[in-house]
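Novice: After the sequence you'll find the predicted model.
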Amino acid sequence: MRSDWATPATVTDAVRRKWDSGQLLAALHAAPHDQTRLFPLRVRLPRPDRDELSNDFKAATAWARRLQDAAIANGWTLDTRRTNVPGLGMQPVPYAAIVPSGEVALALLSSAERKQAQVFASAIAVTECHPVIADAARAVALQRPHDVVAAGDAWALLLSAALWVADNPRPGVYVREIPVAGMHTKVVETNRALFGRLLETTTNPASVPVGAKTMEEKYGFRVPQRRVRIRGPRHVLGMQAGPGDADVTWPIPDLGAFIPSSDVTEVVVVENQTSFLVVPDAPNRLVIWGAGYGADELVASLPWLAHVRLHYWGDIDTHGFAILDAVRCAVEHTESVLMDVETLTAHRDFYVTEARQSTRELNNLTPNERRVLDGLRIGAWGPRVRLEQEFIRFDRVRAAFQQP
């Protein structure tokens with residue numbers, strides 16, 4: 001038998017693809033007229049051509065018999081067509097397998113997959129316990145069946161939470177404060193996309209503000225204030241006198257409203273904690289680390305940066321220059337520091353590989369920065385070279401930030 005002829009596994013593989021896509025789980029619980037969109041499932045069978053039938057009819061006959069035996073054993077059928085075989089006349093040849101129903105399809109899969117199907121069936125049954133949102137919840141489950149299976153017991157909590165939000169639109173509480181027994185932050189964070197879809201289908205669209213993007217913005221949950229970390233002279237940051245700079249964490253709105261004294265003439269924005277800590281102290285310098293807040297968003301929210309010198313220190317890789325470009329788009333007079341060819345080539349022992357380079361067009365780089373970016377993209381120093389800022393020697397850091 002040729003290796004490219006169909007086997008019973010051909011049918012199972014086709015069914016598994018329907019399982020992986022979620023179509024099989026959905027079809028098992030869809031309305032009868034919707035089930036007909038998938039079943040009966042027709043699976044094309046790679047088969048011997050006429051020459052192969054003629055030259056090796058015995059093998060072809062055995063091949064067809066194995067398929068027929070598998071069909072009988074597993075509840076599917078064969079669509080055969082009569083083919084004119086040279087020297088043998090018209091012979092029946094299997095062209096396709098017909099899987100008649102979702103139940104037959106499910107039986108072809110593993111016990112683990114059948115157990116997941118039971119979990120999904122239980123989840124569908126749970127939706128009926130919430131008649132006000134049952135139809136919408138069922139529709140979500142059929143759209144995202146594997147997400148529902150992954151949620152497990154949390155599905156019931158998500159339904160109760162969605163029902164509470166429907167009854168209490170724009171509640172102004174943190175998600176973890178939704179008064180549902182067993183509800184906690186991880187329930188939503190682990191199933192965020194699924195919960196968002198539930199809210200989308202169970203909430204009055206008119207209550208969603210135009211332009212809202214996050215789940216919290218759309219449905220009126222409270223959001224913890226985003227915070228950034230700042231280092232600088234104690235008196236500038238409202239701290240009592242003491243040794244060394246102050247190191248504080250402020251909400252973004254407070255930092256945006258901050259009006260630095262005339263003593264502050266320089267701000268340095270960095271991308272990680274190590275860099276934040278090693279920038280040398282200076283009497284007129286603030287160092288800011290966004291701690292997960294995008295550098296471009298951060299500087300755009302601080303209008304007082306227009307009146308001070310702004311340095312950005314990022315990784316020397318294509319994404320580092322993309323961030324620099326965005327920061328300079330927000331604050332035009334931004335200067336890069338330690339993102340030059342000399343710094344890059346002095347640290348060859350610390351090169352790592354950038355997983356995927358940014359190809360975005362960058363229009364806010366200086367000629368020298370552009371040369372570094374172009375070199376990175378063409379592999380001038382090796383394929384997809386990346387130098388992370390924390391590996392730059394401290395003597396270079398100290399020299400770069402030395403003030404006259």
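Specialist: Sure thing, it's come through. Numbers count the residues shown, from 1 in each chain.

Novice: can we go C-alpha only for contacts and neighbour counts from here?
Specialist: Fine.

Novice: Output the contacting helices and strands for the helix or strand of the chain with the lowest mean pLDDT.
Specialist: Within the chain, confidence by mean pLDDT, DSSP states H and E is lowest for helix 32-35 among all helices and strands, at a mean of 70. With contacts taken as 3 or more C-alpha pairs under 8 Å, 6 or more residues apart in numbering; DSSP states H and E, helix 32-35 sits against helix 23-29.

Novice: pLDDT score for the residue lying farthest from the centre of the chain?
Specialist: Using C-alpha atoms, centre = their mean, the residue of the chain lying farthest from its centre is residue 87. It sits 59.3 Å away. Per-residue confidence at residue 87 stands at 72 (pLDDT).

Novice: That one is in contact with residue 53, isn't it?
Specialist: No: in this structure, residue 87 sits apart from residue 53 without contact. The criterion is C-alpha atoms under 8 Å, and the distance is 10.2 Å.

Novice: circling back to that earlier point, which other residues reach the least confident helix or strand of the chain?
Specialist: The list of residues contacting helix 32-35 from outside it, by C-alpha atoms under 8 Å, 6 or more residues apart in numbering, reads 27-28.

Novice: export that helix as PDB, just CAs?
Specialist: In PDB, the C-alpha atoms belonging to helix 32-35 read as follows (Å, rounded to 0.1, in the frame of the first residue of the first chain):
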ATOM      1  CA  PRO A  32     -30.300  20.800  15.000                       C
ATOM      2  CA  HIS A  33     -30.300  23.100  11.900                       C
ATOM      3  CA  ASP A  34     -26.800  24.500  13.000                       C
ATOM      4  CA  GLN A  35     -25.400  20.900  13.400                       C
END
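
Novice: and whichever helix or strand comes after it, which strands flank it?
Specialist: Past helix 32-35, heading to the C-terminal end, the next element that is a helix or strand (DSSP states H and E) is strand 41-44. Strand 41-44 has the following strand partners under DSSP bridges: strand 89-99 (antiparallel).

Novice: Find me the pLDDT at residue 47, would you?
Specialist: Predicted confidence (pLDDT) at residue 47: the value is 90.

Novice: Could you report the neighbour count for it?
Specialist: Taking other C-alpha atoms under 10 Å as the criterion, the count of residues near residue 47 is 20.

Novice: Now do the phi/psi pair for it.
Specialist: Note on residue 47: its backbone torsions stand at phi -140, psi 170 [degrees, to the nearest 10].

Novice: thinking again about what came up before, neighbours around the closest residue to the residue farthest from the centre of the chain other than its chain neighbours, how many?
Specialist: Spatial nearest neighbour of residue 87, excluding adjacent residues (C-alpha to C-alpha, 6 or more residues apart in numbering): residue 54 at 7.2 Å. In terms of burial, residue 54 registers 17 neighbours under the definition other C-alpha under 10 Å.

Novice: Name the SS class of residue 54, please.
Specialist: For residue 54, the secondary structure call by DSSP: H, G, I helix; E, B strand; the rest coil comes out as helix.

Novice: separation between it and residue 80?
Specialist: As judged by C-alpha to C-alpha, to the nearest Å, residue 54 and residue 80 stand 17 Å apart.

Novice: picking up where we left off before, go ahead and confirm the residue nearest to residue 87 touches residue 84.
Specialist: No: under the criterion of C-alpha under 8 Å, residue 54 is not in contact with residue 84, lying 9.6 Å apart.

Novice: Not counting residues beside it along the chain, what's closest to residue 204?
Specialist: Take residue 204 and drop its neighbours on the chain: the residue closest to it by C-alpha to C-alpha, 6+ apart is residue 166, 7.9 Å away.

Novice: Okay then, goodbye and thanks.
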